[in-house]
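[1] only geometry, no sequence info:
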């Protein structure tokens, strides 16, 4: 019917844009409002929109449980790993100044990396939470008919 | 090179091991990783304590940013002592948990158990070691959230409601803490504890500072389970898996006592602030109410884990009483009781875990005749029970001695009387357990009950022996406790 | 007392009291969680309004601006918001499990069911 056609076409146009916007927010956290947490939530909202329209089973094929769980762990390990890398390069924990050839670039690199870790973990966490909650209710599970 | 970075490694190593456990998916592999990591953390804590004893307080700047602007990890005597306590219990619970968790947690969730366990440990260690008030909130929430999950893993469905109630009350407590920190930030402009300690005396008259102390005390009291904010503790300890109860009973509330000591004595300058805001009288009154009231309720419990949970509430009253006495002896008594209670309660709850493993129930009636069938386990119970009462040659006696001495130094002999009375009440409920185990005949059909597996008995044995060893010769613990108390009451670290 | 000038603190107090009341008085577990959230939002507003500097612009480096509001409270609240969301997610997951186990999410009915078991 018409309502479903509108939803499906619009979402297929919007979901890539949402993801792109999430990446923009992620990497412009240095210069404007943004950063890891906000970007992660926006990125996850693309997946949630897809799951609402096409059903959790279909969404699971796009974001399999194993990949999402790996994303959860990867983000935390990246954040802590940047700190350990700073330790190994001679500074204190999470001292970004030692990460590159001069302190300013080091700070930029460090912040970008840890924010990326935060974004990955937050996106994976939001996706996991939504899929688990939505998988409970058979209505949401099937998606729009 | 590593020894310089030990303060941060203490927290980072368990924190990185937790997601690794989650990737591992396998229960056995997760257990091995948890074992290695907790023993490494214990080694780090011991070396930190030795560094502080020989060299004085250690300061570590995270990210290379110097103290008032950056987050600083600061280890002094009190810190290092609590770190050793938390990591020692953390490393003893993991071998104990191997058999106990298989019995009490669904097998496809065991790797998640160890993930949450390592996160909780990392959070507690972070609370203890940090020198920044807001960083403490972050770690407080990390440890609290993971302990809510740990508690909800119990098989009984009441574990879920217990965990939910703990979640609500714990979050309110953390929010009150954060309101207090916000008020302190508003008054002084800094979040670093040492810097706050330097700036707060100038503002000691302002109402913002008084309200900050009030909010902080209420918030931390919720985490401490001080009467009347204790309602979450009995159910949470009773229905959680036993390994979780051992860990939380021996560490989580102790770390909250540490936070209270740190806030009241280091940040607010201890005895000086008591004239403005009579926190010491309030804490003394509530501590005494905890001691007597919780012991009375414990006498009437039939579920032994719940009985021990109420007993924990009364022991926390002892620690808060020591804190409120505001003299070196009383404070040292409270600090050493952190160690002693961790050992006592750890041993008692581990024994309960052994009993649950073999018998399948922790009601008092189920303990009938176990004195003959599970001799080592019940020996552990007897040692722990004697400690609770405060019998000489056990650790419980040491802390009671110094608390009574601290009370008498201030001329408060009614307080000393209350300490003695609550020891007698402890005798009543310990006698109930001992009487059921040794003086009642075994029920029929109980012939197949044997002693608990060795992996559970050895940690229990270690804790029981510690109770006796540090009760006979308490110089090591008392030296550290007195040094910590002197550093606190003498002024900022 | 400068009542109109302190309007942000009045809003904070009202939000906190509403949230706290909902946590204590409501029997439905989901409503309790949302009350907790409202309580925390009150605290967030407290911090952020505390950081505002008169005549300061948003704490993002821009050409031509000299006075910025204090960025630290905003950063602290970012962390606190994330913690609040994690707590809410955990609480709601617990409520789902409680509903599976007890069949209800009203606190008084749960207590009645618990009272029957020793």
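    Looks like it arrived, so ask away. Predicted model only: the values in this text are computed from it and were never measured.

[2] what's the helix or strand for the closest residue to residue B:77 other than its chain neighbours?
    Closest residue to residue B:77 apart from its sequence neighbours, by C-beta to C-beta, 6 or more residues apart in numbering or on different chains: residue B:484 at 3.9 Å. Heads up, the C-betas are built off the backbone N, CA and C, glycines and all. Element membership for residue B:484, per DSSP states H and E: helix B:475-489.

[3] now that helix: how far from the chain's centre is it?
    18 Å (C-alpha atoms, centre = their mean, to the nearest Å).

[4] Can you point out the buried residues in it?
    B:477-478, B:480-485, B:487-489 (16 or more other C-beta atoms under 10 Å in any protein chain shown).

[5] before we move on, what about stretch B:279-289?
    Buried residues in stretch B:279-289, counted by 16+ other C-beta under 10 Å: B:279-280, B:283-284, B:286-289.

[6] do stretch B:454-461 as well
    Buried-residue list, stretch B:454-461, by 16+ other C-beta under 10 Å: B:456-457, B:459-461.

[7] Keep only these that also lie close to chain A.
    Among the buried residues of stretch B:454-461, no residue is within reach of chain A (C-beta under 8 Å from any C-beta of the partner chain).

[8] Which one of those residues is nearest to chain C?
    residue B:456 (26.1 Å; C-beta to the nearest C-beta).

[9] ok but that closest one is inside a helix, no?
    Yes - using DSSP: H, G, I helix; E, B strand; the rest coil, the assignment for residue B:456 is a helix.

[10] what pLDDT does it get?
    Listed pLDDT for residue B:456 reads 86.

[11] Let me see the contact set for residue C:114.
    Listed by C-beta atoms under 8 Å, 6 or more residues apart in numbering or on different chains, the contact partners of residue C:114 are B:158, B:161.

[12] about what we covered before: pick the one among the buried residues of stretch B:279-289 closest to chain C.
    The shortest approach to chain C among the buried residues of stretch B:279-289 belongs to residue B:286, at 20.3 Å (C-beta to the nearest C-beta).

[13] Work out the gap between whichever strand or helix holds that closest one and the centre of the chain.
    Residue B:286 is part of helix B:279-299 when elements are defined by DSSP H and E. Helix B:279-299 has its C-alpha centroid displaced from the chain centroid by 17 Å (C-alpha atoms, centre = their mean).

[14] what's that helix packed up against?
    Counting contacts by 3 or more C-beta pairs under 8 Å, 6 or more residues apart in numbering or on different chains; DSSP states H and E, helix B:279-299 packs against helix B:207-224, helix B:304-324, helix B:413-439.

[15] Buried deepest among the ones you listed, which one?
    helix B:304-324 (a mean of 27; mean count of other C-beta atoms under 10 Å in any protein chain shown).

[16] got the angle between that helix and helix B:207-224?
    150 degrees (axes from the mean of the first three to the mean of the last three C-alpha atoms, to 10 degrees).

[17] so where do the strands sit in chain B?
    If DSSP state E is used as the criterion, the strands of chain B fall at B:58-61, B:72-75.

[18] and residue B:266, how far is that from residue B:196?
    9 Å (C-beta to C-beta, to the nearest Å).

[19] Over to residue B:464?
    Distance, residue B:464 to residue B:196, using C-beta to C-beta: 41 Å.

[20] same check, this time on residue B:173
    With C-beta to C-beta as the criterion, residue B:173 and residue B:196 are 20 Å apart.

[21] So the two - more neighbours on which side?
    residue B:196 (27 against 23; other C-beta atoms under 10 Å in any protein chain shown).

[22] which ones are touching that one?
    Listed by C-beta under 8 Å, 6+ apart, the contact set of residue B:196 reads B:133, B:184, B:188, B:190, B:267.

[23] wait, which of the buried residues of stretch B:279-289 is closest to residue A:97?
    Closest to residue A:97 out of the buried residues of stretch B:279-289 is residue B:279 (42.3 Å), distances taken as C-beta to C-beta.

[24] Give me the distance between that closest one and residue B:212.
    Look at residue B:279 and residue B:212: by C-beta to C-beta, they are 12 Å apart.

[25] shouldn't the residue nearest to residue B:77 be in contact with residue B:84?
    No - with contact defined as C-beta atoms under 8 Å, residue B:484 does not reach residue B:84; the gap is 12.0 Å.

[26] ok, for whichever residue of chain C sits closest to chain B, nearest residue in space, not its chain neighbours?
    Distances between chain C and chain B by C-beta to the nearest C-beta are smallest at residue C:101, namely 3.9 Å. Once flanking residues are discounted, residue C:101 sits nearest to residue B:157: 3.9 Å by C-beta to C-beta, 6+ apart.
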